[in-house]
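1. mind looking at a prediction? Sequence and model below.
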Amino acid sequence: GAVVSQHPSRVICKSGTSVKIECRSLDFQATTMFWYRQFPKQSLMLMATSNEGSKATYEQGVEKDKFLINHASLTLSTLTVTSAHPEDSSFYICSAIPRNGEQYFGPGTRLTVT
Amino acid sequence: QKEVEQDPGPLSVPEGAIVSLNCTYSNSAFQYFMWYRQYSRKGPELLMYTYSSGNKEDGRFTAQVDKSSKYISLFIRDSQPSDSATYLCAMNRLGAGNMLTFGGGTRLMVKP
């Protein structure tokens, strides 16, 4: 089956710094990738839709200047959390969609901001 | 009111039991229905995908959709401790591309 990877799997950073999370589709090309955030014991909340070669589409309430998304190629999307604060601590999950339309999820990245 | 409602549990059952997980939804535009399994600190894994009312079976798993009642279910037969996870229902609207709306997830614990 299709494989989506994320890097890093865990990251701890200090308040005020920026953190980049990578999402890669390993064996397929994905014109669309999604970024989700999941707080403990809660469901996935869609943050933004990342489209290769164009600007990301952000969900209501998600600050585009804080969560920078770059879909640089058909196999890579990055999420940069800028000027991170403790309330940004969460589990960030990406998903990618190959031609068959099924959504495959990455293993997630746990961000802790101290 | 959330578009998709799911009892958060936790649901605790003995090994071998039949498990019933459910979601209700309010938007009749939802046409595609999925069940995902998520182990702790991992990404969701697709279990079942359906788009019509009725039942769909895959091994120990059966997905059931009742569009008239806006109600979907996932049944797990002969539950195993390895089934212990959070189960998320997800839905997709026509015209919404691949965007999914998730339920809150039900945490299942299968005790040996």
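-> Received, thanks. Numbering: from 1, shown residues only, chains lettered A, B, ... in the order given.
2. can you pull out the strands in the chain?
-> Defaulting to chain A. Along chain A, the segments classed as strands by DSSP state E run A:4-7, A:10-13, A:19-25, A:32-38, A:45-51, A:57-58, A:67-73, A:76-81, A:90-97, A:104-105, A:109-113.
3. chain B is the one I meant
-> Taking DSSP E, the strands of chain B run over residues B:4-6, B:11-14, B:19-25, B:30-38, B:45-50, B:54-58, B:61-66, B:71-76, B:85-93, B:100-102, B:106-111.
4. residue ranges with poor pLDDT in chain B?
-> Counting by pLDDT under 70, chain B contains no low-confidence segment.
5. residues of it that sit close to chain A?
-> B:6, B:8, B:36, B:41-46, B:49, B:88, B:97-100, B:102-105, B:107 (Cβ under 8 Å from any Cβ of the partner chain). (C-beta placed from N, C-alpha, C; glycine too.)
6. buried ones among those?
-> B:6, B:36, B:42-45, B:49, B:88, B:98-100, B:102-105, B:107 (16 or more other Cβ atoms under 10 Å in any protein chain shown).
7. quick one: end-to-end distance for stretch A:87-101.
-> End-to-end distance for stretch A:87-101: 33 Å, by Cα to Cα, to the nearest Å.
8. buried sites along it?
-> By 16+ other Cβ under 10 Å, the buried positions in stretch A:87-101 come out as A:88-98.
9. what's that stretch in contact with?
-> A:2, A:4, A:6, A:21, A:23, A:25, A:28-40, A:44, A:77, A:79, A:81, A:103-113, B:41, B:43-44, B:98 (Cβ atoms under 8 Å, 6 or more residues apart in numbering or on different chains).
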